[in-house]
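A.B. asks: compute the structure for the input listed below.
(2 chains)
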Amino acid sequence: MSELDRADAWPQDASPVEIERLRALARELAEACPDAQMSAGFAARLRERVAPRWHWRDAFRREPLLRLAAGLLVACALAVPVSAAVYLLLVRPARQPALSVDFAPAVPLRREPRPDVETVPPLRPDLEDLQALAVATERDNRFALSSYDWRRRFPRPPGQPPDRRALASLPAGAAVGLELRLGMRRPAPQSDRADWSDAAAPELWAELERRLALDRSDWPAGLEARVRALWAVGDQESRNWLAPWMVILEGPQVTHGYALPEPGADLRVFWESVRWTPPLHSGR
Amino acid sequence: MSRPHGDKLARFREGDAEAFAQLVAEMGPRLKGYFLRQGAQPATAEDLTQNVFLRTLQGKSRYHEEGRLEAYFLRIARNLWIDHRRRRRPVVGDEDLGVVEGMQAGPVETAAVRDRAERLRAALRELDPDSHEILELAVLQRLAYRDVAAILEIPVGTVKSRVFYALRRLRQRLDGSGMEEEE
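C.D. replies: Alright, predicted model coming up:
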């Protein structure tokens, strides 16, 4: 008996006529939709898929060793998390020891002479040697400054003869200096004078030219004293001759405004136009 | 005295060949017909039917009462079909066209009966999904109302009213197609 054949299978407010018609329709629908037919190999294919599961299920039921192995596997898989949980929850960690540092007592240093070790002197010179070196370097630089300026302003024209008329109009010392500068005279290795106390300004100029031509940066103390004395009491003309010396002795700032002692208006230049300053030039 | 269905399922799980053959013979055509009427192609319907049997090997049976084994199989079949449709949703294939190629008419059907049966099947396919499903379970699969209610998770009274209104809508469709006039 189908469920639809029961009287209580329909709503109470449904009319018996409609219920009967719907019941007939349901039967007709069921007849129109019969069960499907299975393909020929359906059961065989299904058995192939079911058999391995049967085998395992059967083997599991029949073989105690297999059940034991499976039990051990499960126990091992559960052992790690369970052990970790027990350790974290029940086994309380021991109290951490307090860390401290014990410093050893200070050991006094003992310095004993070591004759087997050679003492090496310092490479840096003493302060006095350094000061003398600085003075000598500055002096050389001032010579270099004068030499540079002379040679830059009065280069010897290649193949051109010297101007004898200009030489004739110059004082003796200036003529000698100009001859030295122009290469017309070879500089004497020794000066003619030993005493410079009465030397005139052109002679001091000529001595400076000679030393420049010889690339010498030394001078006797008497010469320097004579230059300073003449510079202090001399007139404008003397100061013109001594300006290069004062550049060497005091620096270019003391000679500003003094003309170079050169003949002719075309060759007149001024010391203040010399702008090159040696690195160690700082005055004394 | 025949053994209850619950025992048959248990013997099938234990590898009983006789139980296997009986279950396949009883439930195979019903399950395949279910999948076909849902819109599956014949090959797909058989694959899904095999999956139903395999699925029964995995779960524990909760159906010990006589006559409820069909409900157990159909619940599994319904879940498998829902999963199958969900996986195939982006693809619109033949299964979505409502063509039931595996359904065959009975051997004694005349042409007129065959034509009326075809109209009935067409009207069933055109019903809304809820009406189609309630008629499938209650009328075509001949499940008890309580089993239908358990599968659909609705009260028995709701099953009763849904069956009534689904059949009424089916008759209205047949009236619209002129089948009643022929009668």
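A.B. asks: now do the helices in chain B.
C.D. replies: Ranges of helices in chain B, per DSSP state H, are B:5-13, B:17-38, B:42-58, B:69-87, B:111-126, B:129-135, B:145-152, B:156-176, B:179-182.
A.B. asks: reformat those helices as CSV; add mean pLDDT, distance to residue A:5 and mean neighbour count.
C.D. replies: In short, each C-beta sits where N, CA and C put it, glycine included. Formatted as CSV, these follow (pLDDT from 0 to 100; distance: least, CB to CB, whole Å; neighbours: other CB atoms under 10 Å in any protein chain shown):
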stretch, mean pLDDT, distance to residue A:5, mean neighbour count
helix B:5-13, 73, 22, 19
helix B:17-38, 89, 20, 20
helix B:42-58, 88, 28, 19
helix B:69-87, 89, 18, 18
helix B:111-126, 85, 20, 16
helix B:129-135, 92, 16, 17
helix B:145-152, 90, 12, 20
helix B:156-176, 90, 13, 18
helix B:179-182, 46, 23, 12
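A.B. asks: quick one: the ones you listed as a markdown table, columns for distance to residue A:206 too.
C.D. replies: Shown next, in a markdown table, are the helices of chain B (distance: least, CB to CB, whole Å):
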| stretch | distance to residue A:206 |
| --- | --- |
| helix B:5-13 | 136 |
| helix B:17-38 | 132 |
| helix B:42-58 | 127 |
| helix B:69-87 | 118 |
| helix B:111-126 | 136 |
| helix B:129-135 | 131 |
| helix B:145-152 | 135 |
| helix B:156-176 | 139 |
| helix B:179-182 | 149 |
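A.B. asks: these: which one's closest to residue A:213?
C.D. replies: Closest of those to residue A:213 is helix B:69-87, at 110.4 Å (criterion: CB to CB).
A.B. asks: tell me which other helices or strands that closest one touches.
C.D. replies: When contacts are defined as 3 or more CB pairs under 8 Å, 6 or more residues apart in numbering or on different chains; DSSP states H and E, helix B:69-87 packs onto helix B:5-13, helix B:17-38, helix B:42-58, helix B:145-152.
A.B. asks: from the rest of the structure, what touches the second one?
C.D. replies: With contacts defined as CB atoms under 8 Å, 6 or more residues apart in numbering or on different chains, helix B:17-38 is touched by A:33-38, A:42-43, A:46-47, A:50, B:8-9, B:11-12, B:42, B:44-46, B:48-49, B:52-53, B:69-70, B:73-74, B:77, B:81, B:100-103, B:124-125, B:136, B:140-141.
A.B. asks: between that helix and helix B:69-87, how many degrees?
C.D. replies: 50 degrees (axes from the mean of the first three to the mean of the last three CA atoms, to 10 degrees).
A.B. asks: from the chain's centre, how far out does helix B:17-38 sit?
C.D. replies: 10 Å (CA atoms, centre = their mean, to the nearest Å).
A.B. asks: run the angle between that helix and helix B:5-13 for me.
C.D. replies: 100 degrees.
A.B. asks: so residue B:132 touches residue B:125, yeah?
C.D. replies: Yes: in this structure residue B:132 lies within contact range of residue B:125 using CB atoms under 8 Å: 7.5 Å.
A.B. asks: how is chain B divided into domains?
C.D. replies: Domain ranges of chain B: B:8-87, B:107-177, per automatic domain parsing.
A.B. asks: who in the stretch 1-150 of chain A is up against chain B?
C.D. replies: By the rule CB under 8 Å from any CB of the partner chain, the part of the stretch 1-150 of chain A lying against chain B is A:2-4, A:9-11, A:14, A:18, A:21-22, A:25-26, A:28-39, A:42-43, A:45-47, A:49-50, A:53-54, A:57-58.
A.B. asks: repeat that for 6 Å
C.D. replies: Contact residues (CB under 6 Å from any CB of the partner chain) of the stretch 1-150 of chain A with chain B: A:3, A:10-11, A:22, A:25-26, A:29-30, A:32-33, A:35-36, A:38, A:42-43, A:46, A:53-54, A:58.
A.B. asks: pLDDT of stretch A:34-47, averaged?
C.D. replies: Per-residue pLDDT over stretch A:34-47 has a mean of 86.
A.B. asks: in that stretch, what's buried?
C.D. replies: Going by neighbour count (16 or more other CB atoms under 10 Å in any protein chain shown), the buried part of stretch A:34-47 is A:35-36, A:38, A:42-43, A:46.
A.B. asks: closest to residue A:193 out of those?
C.D. replies: Of all the buried residues of stretch A:34-47, residue A:193 sits closest to residue A:46, with 138.5 Å by CB to CB.
A.B. asks: low-confidence ranges, chain A, go.
C.D. replies: Residues of chain A meeting the criterion pLDDT under 70: A:1, A:57-58, A:92-97, A:121-132, A:134-136, A:138-185, A:251-284.
A.B. asks: can you map out the helices along it?
C.D. replies: A:16-32, A:42-62, A:64-89, A:127-153, A:164-169, A:172-182, A:201-214, A:221-233, A:236-250.
A.B. asks: picking that back up, nearest to residue A:226, out of the helices and strands packed on helix B:69-87?
C.D. replies: helix B:42-58 (128.2 Å).
A.B. asks: show me what the closest one is packed against.
C.D. replies: The helices and strands touching helix B:42-58, judged by 3 or more CB pairs under 6 Å, 6 or more residues apart in numbering or on different chains; DSSP states H and E, are helix A:42-62, helix B:17-38, helix B:69-87.
A.B. asks: and the contacts of it?
C.D. replies: The contact list for helix B:42-58, computed with CB atoms under 6 Å, 6 or more residues apart in numbering or on different chains, reads A:42, A:46, A:53, B:13, B:28, B:31-32, B:35-36, B:73, B:76-77, B:80, B:101-102.
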